[in-house]
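Trainee: sequence plus predicted model, see below.
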Amino acid sequence: MSVFDEMGVYWAEIADHNPTQRQIEFIKNIVKPTGLVLDLACGTGRHIIPLNKEGYEVVGLDLSRSLLKIAKNRLRSDQLVRGDMRRLPFIPEVFAAAVSMDTSFGYLPTQQEDMQSLRELRKTLRQDGLLIIDVFNREHLTRKYKADRRFKLVLLPLLLKLGFSGKWLLSRFYKWREYPSFYLLQKRTIDTNGEKLSDMWIVRDKVNGEIIVFKHVVRLYQLHGLEEALNEADFAVKRVLGGYEGQPLSHDSDRLILIASAEGSLHCQG
């Protein structure tokens, strides 16, 4: 079971606080509603709903049963497919575009599997079909979190091991971020090579006061590494951006966004 299945509604509430409308406006500026669009790792469907209202025909794919259940309750349609991005359950060249928003790329166990998912994605796109990949800007995060050695954050794992007294201290001395049904503490670290981002999510449920710890890891890509992977999968990178308003990429950009085109014909590939 993935961390997203475990978190369920908690993750849905976190995702709902992300800048969805900014992301939707960005997608609209790049992709036209003239063909079928794939929302890869669609989660709770928060991009599909507004895009539908704008006249797009979107299919969402995700592996998480919990998140797809939430998405189906919101969408009430058959636009959702449960599947693995390493083995996409679609016929070749069916999509005019695909979007991978909000760092939904990089969660697979190995880089080879990331590469496999890009090749699978290429098969589903028509020739010259567009792909948007939106991930964290590794350079920005590395500088931000490698320098983050705040005493309180270092203490978190120790307090969690202390049982009731540790949880009492967590509740009393830490500032929790509030969501509709829970409070959240987040401890974020970067490994020594700057290649992986690790998150510890500490959730305190509003109803029963229970404290639950979730952990997840995402692989971070630099621009040249992501460009090389896309080129190897027969994509051509057309634009590189650092934000949803079309900002150029810089060291201080929060986002690394690549817009690529599916190159060549599948019938010509060996």
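Mentor: Arrived safely, thanks for sending. Numbering: from 1, shown residues only.
Trainee: can you list the domains in the protein?
Mentor: Here the domain parsing of the chain from automatic domain parsing is 3-136+222-268, 141-219.
Trainee: tell me the most buried of the ones you listed?
Mentor: Highest mean neighbour count among the domains of the chain (mean count of other C-beta atoms under 10 Å): domain 3-136+222-268, with a mean of 18. Yep, even glycine has a C-beta here, placed from its N, CA and C like the rest.
Trainee: that's a helix at R143, yeah?
Mentor: Yes. Counting by DSSP: H, G, I helix; E, B strand; the rest coil, R143 falls inside a helix.
Trainee: with adjacent residues omitted, what lies nearest to it?
Mentor: The shortest distance from R143 to any residue other than its chain neighbours is 7.5 Å, reached at H251 (C-beta to C-beta, 6 or more residues apart in numbering).
Trainee: hmm, the one you found is touching L141, no?
Mentor: No. Using C-beta atoms under 8 Å, H251 is not in contact with L141, being 11.1 Å away.
Trainee: can you give me the helices in the stretch 151-270 of the chain?
Mentor: Taking DSSP state H, counting those that start in this stretch as the criterion, the stretch 151-270 of the chain contains helices spanning 151-161, 164-173, 223-232.
Trainee: that older thread, mean pLDDT added to the domains of the chain, as JSON lines?
Mentor: What follows is the domains of the chain, written out as JSON lines (pLDDT from 0 to 100):
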{"stretch": "domain 3-136+222-268", "mean pLDDT": "93"}
{"stretch": "domain 141-219", "mean pLDDT": "75"}
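Trainee: check contacts around the closest residue to G243 other than its chain neighbours.
Mentor: Spatial nearest neighbour of G243, excluding adjacent residues (C-beta to C-beta, 6+ apart): R255 at 5.5 Å. Contacts of R255 were listed using C-beta atoms under 8 Å, 6 or more residues apart in numbering, and they are 134-137, 241-244.
Trainee: any residues touching the helix ranked longest in the chain, and which ones?
Mentor: Using DSSP state H to assign secondary structure, the helix with the most residues in the chain is helix 111-124. Contacts with helix 111-124, where a contact means C-beta under 8 Å, 6+ apart, come from 38, 40, 85-88, 90-95, 98, 105-106, 108, 131, 219, 229-230, 232-235, 262, 266.
Trainee: in strands, which of these fall?
Mentor: Applying DSSP state E to the contacts of helix 111-124, the entries found in strands are 38, 40, 95, 98, 131, 219, 235, 262.
Trainee: pull the most distant pair out of those.
Mentor: Using C-beta to C-beta, the ones in strands among the contacts of helix 111-124 reach their maximum pairwise distance at F95 and R219, which is 24.3 Å.
Trainee: surely S253 and E245 touch.
Mentor: No. No contact is recorded between S253 and E245 when judged using C-beta under 8 Å, the distance being 11.1 Å.
Trainee: next, the distance between the ends of stretch 204-216.
Mentor: The first and last residues of stretch 204-216 sit 17 Å apart, counting by C-alpha to C-alpha, to the nearest Å.
Trainee: quick check: closest non-adjacent residue to H216.
Mentor: On the basis of C-beta to C-beta, 6+ apart, the spatially nearest residue to H216 that is not a chain neighbour turns out to be V3, at 4.2 Å.
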